[in-house]
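Trainee: Generate a structure from the sequence data that follows.
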Amino acid sequence: MNRLIINVATFFILCNISLHAEMQELPGDTASINLITREAYIDARRNPDQSILKSYKALSSSLKSGYAKGRADAFLALGMAYFAKYNYGDSAAYYNTAALNLYDSIGDITGKARACYGLCYVYSLKGDLAASEKYGEMSLEYFEKAGDRRGMVNALSTIIYLARQAKNNDRALELVDRSINISEASSDTVSLADALNTRGNIFKDMLLFSKAIESYFEALSLWEIKGDSSGMAIAYGSVGVMYYYQEDYDRALEYNFKKLPISETDGNLWEQSKTLNNIAQIYSARGMHDSSLFYLDRSLRINKQMNYPSGEAVVCNNMASALLIKGDADSALYFSKRAVSIAESIKDASLANCLVTRGQVLVRLKEYDGALQAAERAYNMAKQQDDPLVLSKAAALMSDISLHFGRSDLAYLYLVEFHKLKDSITNNDYLRKVTRLEIESEYERMKKQDELEQMEELFIRENKIKKQRSVLQGFIILIAILGIFLIIYIRHNRLRLKYTRIDLEQRLLRAQMNPHFIFNSLCAVQDFILAGKPKKANAFLVKIASLMRNILENSREEYISLDKEIETLRLYLDVQQLRFDEEFDYTFNIDDAIDPENISVPPMLAQPCLENSIEHGLLPKKTKGSLEVSYSLKNDILMLEVTDNGVGREEAARGNQGRIKKKSISTKLTQSRLEYFRKTLKEKNINIEIIDLYKEEKPAGTKVIMRMPCRKIFA
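Mentor: Residues are numbered from 1 along each chain as shown. Modelled structure (predicted):
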């Protein structure tokens with residue numbers, strides 16, 4: 001520690017000399033200070049020495065200009081830089097604390113959140129988990145107040161780590177689900193991938209390996225989409241660990257060797273150390289202990305470089321295990337003592353596992369008293385920590401030591417516990433050694449009973465499958481029958497609609513070409529001839545012939561162009577005008593948005609409306625009448641308006657009862673056609689509306705509004 005303080009003090013002096021030389025070049029305004037601080041943040045991890053120089057520049061300028069936030073930002077950048085230099089025990093803690101106090105004094109919530117976040121990591125690596133959790137909770141609270149979702153996710157990740165250290169997997173899962181929800185809500189792919197990877201780590205701690213691998217691959221796919229090499233490296237390492245636990249050592253090595261070059265390129269010593277340690281464990285499991293020791297030695301040197309005692313303890317313990325298997329008990333004892341000493345000094349969670357290894361080494365050296373002391377400590381700590389992996393190893397060690405001291409009863413109890421724990425973890429070789437301790441007959445009886453139960457279960461399952469198959473076949477037959485019925489129903493419905501349309505068109509044709517109308521028209525032609533007006537008679541006869549031809553042609557089509565429909569209506573109105581002593585006027589108004597040549601409509605829908613206006617509105621009128629026909633387009637529905645200034649419906653009903661039946665038939669026929677289109681086109685807005693017009697409370701005519709279907713001829 002003294003050497004570290006001397007190095008830090010020397011570095012401070014060098015920084016102050018450099019700052020003094022460049023002080024005159026620094027701008028005094030806050031924008032320039034903020035720019036320098038941002039650059040220091042960026043350099044903090046990849047080039048901490050450069051970051052420290054820039055942070056001191058910003059700090060000096062902030063002091064000179066009285067810029068409190070600039071000082072706090074500079075302190076925070078210094079804390080980050082020293083943390084990246086693994087000087088978290090002294091300078092990192094000091095500067096993060098200074099930043100927190102300054103942010104608090106100026107009321108900067110986001111600044112306080114970031115400073116607490118830094119302190120959470122600092123105290124975590126110092127081994128003070130209580131202080132780390134306190135600052136993690138404070139960081140989360142401040143980020144929530146500031147509405148910083150990315151900050152909330154980062155703070156949650158530290159608290160999740162601490163919950164995992166405390167073996168509180170339920171809380172860890174609850175927190176990681178919250179982190180995933182926040183990341184998804186903010187569409188933050190990077191944070192989401194990190195949270196999914198963390199969830200995989202929790203599942204791994206809970207020995208739910210299939211779920212863990214699933215989460216790891218979800219995270220990996222997101223990192224690959226973003227092209228995040230650092231994230232991909234983390235996922236590779238996580239997947240490699242899972243394959244290691246499943247004893248698929250080839251795949252475990254494959255993914256760890258994918259990760260290692262990325263971590264080396266990024267200069268991430270932390271990930272390099274973990275990866276090298278994992279590779280060593282894989283080689284050890286394959287019996288390649290020289291290769292294992294090679295990678296463990298590399299990992300140990302990196303942990304020393306980081307000044308990370310927890311990592312040193314884990315690697316020393318692994319080296320002791322590898323050396324013990326190789327038969328070098330003396331070297332194994334050296335590294336075992338070193339691992340226990342480091343873990344004890346920082347109260348690391350790996351202490352129980354280190355004590356198990358020390359006990360195993362002492363048994364090999366036949367120092368049974370020391371071995372018993374180490375094993376008992378490891379057993380009690382593992383029980384307290386609820387760590388089944390370490391507890392199973394400690395129980396096996398206690399069984400061996402108890403046999404040496406002649407306590408076969410204790411040896412038996414510890415051995416039973418060991419196999420129960422191992423079965424809960426791996427589900428392999430259950431009771432393999434316990435059968436040696438006088439329960440072989442009981443085991444055979446249970447085995448036969450299990451076989452009988454399995455046969456009964458298989459029989460029940462087969463019957464259940466047969467029943468399900470029969471139900472499924474019946475269900476398929478029922479669906480087939482319903483399908484056939486549906487096809488027949490649809491076909492019948494289509495035919496019914498087709499015949500309805502044909503019937504309507506035939507009835508419409510009969511209504512349009514009624515004998516009374518034709519007789520009156522021909523009589524009018526005769527009157528012209530007798531009156532010596534052959535030219536007028538000829539012109540009128542041409543119009544009647546054209547009208548009859550149009551009606552016959554149009555009746556064969558479901559849709560005709562609006563231009564052709566208007567032509568037919570004009571011919572009809574010209575013929576009707578001859579029946580009046582004083583001709584009525586008519587006009588056609590077509591909205592500018594309508595192209596009559598490109599819009600098609602059902603034929604002869606408008607004619608009954610015109611006929612009613614003429615027969616019952618204009619014909620009884622003693623003065624000259626007028627008729628207005630308008631077309632407009634609204635929401636793909638063609639709107640027809642027929643307006644007359646006739647006597648009105650009430651007066652027509654009183655004065656001409658004989659024509660009411662004809663009017664009723666014509667109106668009902670039009671409504672039936674509209675109903676047909678409304679059903680086939682599923683358009684509820686197709687309808688007809690009749691409005692009585694008044695002027696000074698006296699009948700002044702009728703308006704008919706018809707909303708009819710239409711189509712575009714050309715797209």
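Trainee: Mind telling me which residue is nearest the centre of the chain?
Mentor: residue 184 (6.3 Å; Cα atoms, centre = their mean).
Trainee: Next up, the contacts around that residue.
Mentor: Each residue near residue 184 by Cβ atoms under 8 Å, 6 or more residues apart in numbering is listed here: residue 192. All C-beta spots, glycine's among them, are computed from the backbone N, C-alpha and C.
Trainee: Can you classify residue 406 by secondary structure?
Mentor: Judged by DSSP: H, G, I helix; E, B strand; the rest coil, the three-state class of residue 406 is coil.
Trainee: Would you mind measuring from it to residue 198?
Mentor: To residue 198, residue 406 is 48 Å away according to Cβ to Cβ, to the nearest Å.
Trainee: neighbour-wise, which of these two wins?
Mentor: Using other Cβ atoms under 10 Å as the criterion, residue 406 and residue 198 rank with residue 198 on top: 25 against 9.
Trainee: Excluding sequence neighbours, find me the nearest residue to the more buried one.
Mentor: Leaving out its chain neighbours, the residue that sits closest to residue 198 by Cβ to Cβ, 6 or more residues apart in numbering is residue 176, at 5.3 Å.
Trainee: got the buried residues for the helix or strand hosting that neighbour?
Mentor: For residue 176, the enclosing helix or strand under DSSP states H and E is helix 169-185. By neighbour count on 16 or more other Cβ atoms under 10 Å, the buried set for helix 169-185 is 169, 171, 172, 173, 175, 176, 178, 179, 180, 182, 183.
Trainee: and the longest strand for the protein?
Mentor: The single longest strand within the chain, with elements called by DSSP state E, is strand 698-708.
Trainee: Check which helices and strands that one is in contact with.
Mentor: helix 607-613, strand 637-644, helix 649-655, helix 660-681, strand 687-695 (3 or more Cβ pairs under 8 Å, 6 or more residues apart in numbering; DSSP states H and E).
Trainee: looking at those, which is closest to residue 381?
Mentor: Among the helices and strands packed on strand 698-708, helix 660-681 comes nearest to residue 381, with 79.4 Å by Cβ to Cβ.
Trainee: still on that earlier bit, tell me which of the helices and strands packed on strand 698-708 lies nearest to residue 363.
Mentor: Within the helices and strands packed on strand 698-708, the stretch nearest residue 363 is helix 660-681; the backing value is 90.2 Å (Cβ to Cβ).
Trainee: Quick one: residues in contact with the longest strand of the chain.
Mentor: Under the criterion Cβ under 8 Å, 6+ apart, residues 601-602, 605-606, 609, 612-613, 617, 637-651, 670, 674, 677, 685-694 lie in contact with strand 698-708.
Trainee: Buried subset of those residues, written for PyMOL?
Mentor: Under the burial definition 16+ other Cβ under 10 Å, those of the contacts of strand 698-708 that qualify are selected in PyMOL by:
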select buried, resi 601+602+605+606+609+612+613+617+638+639+640+641+642+643+644+645+646+647+648+649+651+670+674+677+686+688
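Trainee: Buried by neighbour count: which residues of the helix or strand hosting residue 137 qualify?
Mentor: Assigned by DSSP H and E, residue 137 falls within helix 129-146. Within helix 129-146, the residues that qualify as buried are 129, 131-133, 135-143, 146, counting by 16+ other Cβ under 10 Å.
Trainee: what does stretch 706-715 give?
Mentor: Neighbour counts over stretch 706-715 (16+ other Cβ under 10 Å) mark 706, 707, 708, 709, 710 as buried.
Trainee: for stretch 549-569, same thing?
Mentor: By neighbour count with 16+ other Cβ under 10 Å, stretch 549-569 contains the buried residues 550-551, 554-555, 559-562, 564-569.
Trainee: start to end distance for stretch 218-236?
Mentor: One end of stretch 218-236 sits 12 Å from the other (Cα to Cα, to the nearest Å).
Trainee: Now do that stretch: everything it contacts.
Mentor: Stretch 218-236 is contacted from outside by 189-190, 192-194, 196-197, 200, 216-217, 238-239, 255-256, 258-259, 262-263, 265-266, 268, 271, using Cβ under 8 Å, 6+ apart.
Trainee: So which of these belong to helices?
Mentor: Judged by DSSP state H, helices contain the following of these: 189-190, 192-194, 196-197, 200, 216-217, 238-239, 255-256, 258-259, 262-263, 265-266, 271.
Trainee: Give me the distance between the two termini of stretch 530-537.
Mentor: So stretch 530-537: terminal residues 10 Å apart, Cα to Cα.
Trainee: next one: it to chain centre, how far?
Mentor: 84 Å (Cα atoms, centre = their mean, to the nearest Å).
Trainee: tell me which residues of it are tucked away?
Mentor: 536, 537.
Trainee: Rounded mean pLDDT for that stretch, please.
Mentor: On average, the pLDDT along stretch 530-537 is 79.
Trainee: what does it rub up against?
Mentor: Stretch 530-537 is contacted from outside by 525, 528, 529, using Cβ under 8 Å, 6+ apart.
Trainee: Of the residues you listed - the most surrounded one?
Mentor: That'd be residue 528 among the contacts of stretch 530-537, by other Cβ under 10 Å, with 19 neighbours.
Trainee: which regions of this structure lie under the pLDDT threshold?
Mentor: For the chain, the stretches with pLDDT under 70 are 1-28, 46, 86-89, 423-457, 459, 495-520, 579-582, 655-666, 715.
Trainee: again, only using 50
Mentor: Counting by pLDDT under 50, the chain has low-confidence residues at 1-28, 427-447, 450, 506, 509-511, 513, 658-663.
Trainee: Take the helices and strands packed on strand 698-708 and lay them out in CSV including distance to residue 400.
Mentor: Converted to CSV, those look like this (distance: least, Cβ to Cβ, whole Å):
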stretch, distance to residue 400
helix 607-613, 107
strand 637-644, 92
helix 649-655, 112
helix 660-681, 88
strand 687-695, 95
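Trainee: Out of those, which gets nearest to residue 395?
Mentor: helix 660-681 (79.6 Å).
Trainee: about what we covered before: nearest to residue 119 among the buried residues of helix 129-146?
Mentor: Minimum distance to residue 119 across these is 4.2 Å, recorded for residue 135 (Cβ to Cβ).
Trainee: I figured the closest one hits residue 113, correct?
Mentor: No. Here residue 135 does not reach residue 113: they are 10.3 Å apart, not a contact under Cβ atoms under 8 Å.
Trainee: among the helices and strands packed on strand 698-708, which is nearest residue 481?
Mentor: Closest among these, once you apply Cβ to Cβ, is helix 660-681, at 27.3 Å.
Trainee: Which strands border the helix or strand harbouring residue 588, and is each parallel or antiparallel?
Mentor: Per DSSP H and E, residue 588 falls inside strand 585-590. When pairing is defined by DSSP bridges, strand 585-590 lines up against strand 626-634 (parallel).
Trainee: Okay, buried residues for the partner strand please.
Mentor: By neighbour count with 16+ other Cβ under 10 Å, strand 626-634 contains the buried residues 627, 628, 629, 630, 631, 633.
Trainee: got the angle between that strand and strand 698-708?
Mentor: Relative orientation of strand 626-634 and strand 698-708, computed by axes from the mean of the first three to the mean of the last three Cα atoms, to 10 degrees: 40 degrees.
Trainee: Check the gap between residue 217 and residue 282 for me.
Mentor: Here residue 217 is placed at a distance of 20 Å from residue 282 (Cβ to Cβ).
Trainee: Between these two, point out the one with more neighbours.
Mentor: Each of residue 217 and residue 282 has its neighbours counted (other Cβ under 10 Å); residue 282 has more, 24 against 16.
Trainee: Thank you kindly, that will do.
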